[in-house]
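Chemist: here's my sequence, what's the structure:
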Amino acid sequence: MLSTINDRKIRFALVGCGRIAKNHFNSLEIHQETAELVAVCDNDQDTLNTAVEKTGVPGFSDLNTMLDNITADIIILTTPSGLHPAQAMACFNKGFHVVTEKPMATRLADGENMVKAADKAGKHLFVVKQNRLNATLQLLKRAVSEKRFGKIHLVHLNVFWTRPQAYYDQAAWRGTWEFDGGAFMNQASHYVDLIEWLIGPVKDVQAMTSTHLDIETEDTGVLNIRWRDGTLGSMAVTMCTYPKNLEGSITILGEKGTVRVGGLAVNEIQEWHFADEKEYDQQVKAANYETTSVYGFGHPLYYKNVIEVMKGEAKPITDGREGLKSLELLIAAYLSARDNKTISLPLTY
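Modeler: This is a model prediction of the structure:
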């Protein structure tokens, strides 16, 4: 039984003050009655200065120095994905819990080692999957769980976004296999997560990828999926949409239901048809929301869960073991694309 905190605010420190960090800062501000940010860390001095100015907390340019000089409960990792494993290990070794952005690692073995290290240290490993908490997807999850589709015939996901060369040129780690991963692993990671979370365990995957920009990894790819229950599906991803982000969607076609959740980032329920009727069908229009951000608005809800877990009031929505499911699927897709063959899950090596 992990210890709980009920007599004070939960203390967070954040490492990696780049693009996604603002979502975490804003989430902690929303939960300021129960949580507080006590430090930030970044090895880029300008980025660090900006974060210190925004948050008003002490800044550190080195992770280990920060860990040795702060009083915190949880370290938030919003650094390049390939750095998460070593940084998480350092945090666990010094007695901290960890919240890590997606994906938790770029190698499956690294992700597994993170889970083992958390278990050994007796600490929580939270993996951010904020899209699960979007109102649109919560309704879809409920419909799937209640088996309103009957037998699901086909599932399809699209991620048609724009990441121009200038985006990748902003930092040397972007678009690299070691630290980033490609369009599937980085930008479309939350959509890959929906494959297992909504439909169930996957049996086989077939993938093909291509690279149009000047980067190591893929910027475009397609994926065929067979779930263990026989359901078939597919996914199409590109970061080369002109001139701007176009769509993030999932469509489920079943014998008794058809649903399409689309928009820029699964923020609009565009089709919702079932043979039966439920009271929550009236919530469909209210669940839709406008967004200019592909990140959605799930981060504050995710932090609500983290805080409740630390207080002993809830279980983690997505812990390390849950994070491993989508990581394994991503690695299987990359193996399939590399070797031009069908890859079956679970992976054995």
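
Chemist: what about the strands in the stretch 201-349 of the chain?
Modeler: Ranges of strands in the stretch 201-349 of the chain, per DSSP state E, counting those that start in this stretch, are 202-210, 220-227, 232-238, 247-254, 257-262, 268-274, 343-344.

Chemist: quick check: can you name the pairing partners of the second one and their directions?
Modeler: For strand 220-227, the pairing partners within the sheet under DSSP bridges are strand 202-210 (antiparallel), strand 232-238 (antiparallel).

Chemist: I'd like to know which of the ones you listed is closest to Leu37.
Modeler: Closest approach to Leu37 among the strands paired with strand 220-227 (C-beta to C-beta): strand 232-238, 33.4 Å. Quick note: C-beta positions are derived from backbone N, CA and C, even for glycine.

Chemist: list of residues touching the closest one?
Modeler: 153-161, 183-184, 187-188, 191-192, 195, 199, 219-227 (C-beta atoms under 8 Å, 6 or more residues apart in numbering).

Chemist: ok, now stretch 38-57?
Modeler: Here stretch 38-57 makes contact (C-beta under 8 Å, 6+ apart) with 11-18, 21, 25, 37, 58-63, 66, 70-72.

Chemist: quick one: buried ones out of these?
Modeler: In terms of neighbour count (16 or more other C-beta atoms under 10 Å), the buried residues within the contacts of stretch 38-57 are 11-18, 21, 25, 37, 59-60, 63, 66, 70, 72.

Chemist: gap between the two ends of stretch 246-262?
Modeler: Start-to-end span of stretch 246-262 (C-alpha to C-alpha, to the nearest Å) is 10 Å.

Chemist: can you list contacts of it?
Modeler: Under the contact criterion C-beta under 8 Å, 6+ apart, stretch 246-262 has outside partners 136-137, 140, 143-144, 148-162, 191, 194, 198-199, 263-266, 268-276, 294.

Chemist: hmm, 7 Å instead?
Modeler: Contacts with stretch 246-262, where a contact means C-beta atoms under 7 Å, 6 or more residues apart in numbering, come from 136-137, 140, 143, 148-160, 191, 194, 264-266, 268-275, 294.

Chemist: kindly reformat the strands paired with strand 220-227 as TSV containing mean pLDDT.
Modeler: Shown next, in TSV, are those (pLDDT from 0 to 100):
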stretch	mean pLDDT
strand 202-210	98
strand 232-238	98
